[in-house]
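1. pasting a predicted model and its sequence here:
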Amino acid sequence: MKFMVTWKTAPAHMTAAVTRFLETGGAPPKGVKMLGRWHGAGIGFALAECKDGKAMFEWMSQWSDQLELVVHPVVEDRESAAVLRRIRKGK
């Protein structure tokens with residue numbers, strides 16, 4: 001399953017969050033494959049894939065003291081189209 005993670009860094013936590021990122025690289029734990037990560041001023045986005053939600057929970061917990069995190073399960077176009085076709089047929 002793929003997950004889109006977004007985060008905001010409060011100004012009060014910026015120095016600590018930057019320090020942790022520079023020291024650790026922010027790599028996910030075993031079981032989570034990061035497909036991409038993008039940074040903006042005080043915000044960020046990551047696309048990750050994992051089979052075990054506990055691994056995603058572990059990764060988010062490692063950063064929850066510094067970042068305001070939002071995690072959304074996501075599907076690609078072809079997967080969503082298949083679901084939408086089934087739903088539409090059911091009506």
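-> Ah, there it is.

2. measure E58 to D77 for me?
-> 29 Å (C-beta to C-beta, to the nearest Å). (Glycine included, C-beta is placed from N, CA and C.)

3. the more surrounded of the two?
-> Each of E58 and D77 has its neighbours counted (other C-beta atoms under 10 Å); E58 has more, 16 against 7.

4. and the more buried one, how far is that from H72?
-> E58 sits 18 Å away from H72, taking C-beta to C-beta as the criterion.

5. next: R37.
-> With distances taken as C-beta to C-beta, R37 is found 15 Å from H72.

6. quick one, which of these two is more surrounded?
-> When R37 and H72 are compared for neighbours, R37 comes out ahead with 13 against 9, by other C-beta under 10 Å.

7. give the full set of residues in contact with that one.
-> Taking C-beta atoms under 8 Å, 6 or more residues apart in numbering as the criterion, R37 is in contact with G26, G44, F45, A46, L47.

8. so how far is K30 from it?
-> Counting by C-beta to C-beta, the separation of R37 from K30 is 17 Å.

9. try K54
-> Distance of K54 to K30, given as C-beta to C-beta: 11 Å.

10. likewise for T15?
-> From T15 to K30 the distance is 29 Å (C-beta to C-beta).

11. what do you get for S64?
-> Applying C-beta to C-beta, the value for S64 to K30 is 19 Å.

12. what's the helix or strand for the nearest residue to P28 once chain neighbours are set aside?
-> Once flanking residues are discounted, P28 sits nearest to W59: 4.6 Å by C-beta to C-beta, 6 or more residues apart in numbering. In this structure, W59 sits in helix 53-63 according to DSSP states H and E.
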